[in-house]
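A.B. asks: need a 3D model of the sequence below.
(chains A and B)
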Amino acid sequence: MSLVARLLEEAGIPTVILGSGKDIVEHCGVPRFLFSDFPLGNPCGVPWDREMQHAILQQALDLFETAEAPRTTVQTPYSWDGDAWRTEYMEIRPEDRAELLRKGEENRRERAEKRAREA
Amino acid sequence: MAEPIEYMERSRLYYEAQGFDRAYRWAMFDDVPFTPLSKPLSESRLGIITTSATYARTSRDSRAVDSGSTTEPPERLYADDLSWDKKATHMDDRESYFPLLQLEAAVAEGRLGSISPRFYCAPTSYSHRETLTEDGPEILELCQQDEVDIALLVPL
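C.D. replies: Numbering: from 1, shown residues only, chains lettered A, B, ... in the order given. Sure thing, here's the model as predicted:
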């Protein structure tokens, strides 16, 4: 998505990325980034919390106007309920290793099949 | 306050545990383009770009640039094939990853000019080249056809 933002911006279309993968977006380098420190999946706000979603969207619109230079990151003031997701996302527990390897093999097989279909 | 998750490092370890022998090379640039607004927000047409799909895409499906109507929008979008925190949350509330109602409210309030008649689905690709030379230009073309002035990109 960061690459698309760069292409649009180069073509004269100002962009704001609203996302939760801070290190990934900032590593790439984008013009304007509104960061929600939430689990990946709901950068616009907690599901069904219309008040929060409204405030976050307002912040995104504000950022179009307030950013003066590229690599402008602003963080939303909200936090997710609980912190368990911070350790559990992509957590590798010793008992999961065999299953992870199996998943990897499945993933490689799918990719190879997809490549063969698209070739 | 907790530090944000370091996703690049975490996914490197995760895919290593899955038996992938080469770490993913995340996109990185020294120069970043920047275009200031050419007109006030209240006169601008905004395009929404999402990484989700209009159909229940699976990891076996090929991903492609797609678009849908913002005037008759789908009730939900789909991204089961992408990496996001399926344990901590869900996609049942479209507004949590595709803020169309809030954008419509901004238009009604006069804060935003209008919303592009179409929204755009950007397929996240493993290949930077594919995004930069194929999918990205295709999204740009759709935005230009719809006379989009500004774009809000919401990756899951």
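
A.B. asks: all contacts plus neighbour counts: C-alpha atoms, from now on.
C.D. replies: Fine.

A.B. asks: setting aside sequence neighbours, what's the nearest residue to A:Glu110?
C.D. replies: Nearest in space to A:Glu110, with sequence neighbours left out and distances taken as Cα to Cα, 6 or more residues apart in numbering or on different chains, is B:Arg60 at 6.4 Å.

A.B. asks: low pLDDT regions in chain B?
C.D. replies: Residues of chain B that meet the criterion pLDDT under 70 lie in B:1.

A.B. asks: can you pull the contacts of the residue nearest in space to the middle of it?
C.D. replies: With distances taken as Cα atoms, centre = their mean, B:Thr50 lies nearest the centre of chain B, 2.8 Å away. Neighbour list for B:Thr50: B:Phe98, B:Phe119, B:Tyr120, B:Cys121, B:Ala122, B:Leu153, B:Val154, B:Pro155, B:Leu156 [criterion: Cα atoms under 8 Å, 6 or more residues apart in numbering or on different chains].

A.B. asks: which SS state does the second one fall under?
C.D. replies: If I follow you right, that is B:Phe119. Recorded secondary structure, B:Phe119: strand (DSSP: H, G, I helix; E, B strand; the rest coil).

A.B. asks: okay but it is in contact with B:Ser69, surely?
C.D. replies: Yes. If you go by Cα atoms under 8 Å, B:Phe119 and B:Ser69 touch, sitting 6.2 Å apart.

A.B. asks: who's more crowded, those two?
C.D. replies: Neighbour comparison, B:Phe119 and B:Ser69: the larger count goes to B:Phe119, with 25 against 12 (by other Cα atoms under 10 Å in any protein chain shown).

A.B. asks: output the contacting helices and strands for the helix or strand harbouring A:Glu51.
C.D. replies: Element membership for A:Glu51 (DSSP states H and E) is helix A:50-66. Packing contacts for helix A:50-66, counted by 3 or more Cα pairs under 8 Å, 6 or more residues apart in numbering or on different chains; DSSP states H and E, involve strand A:15-19, strand A:32-35, helix B:100-108.
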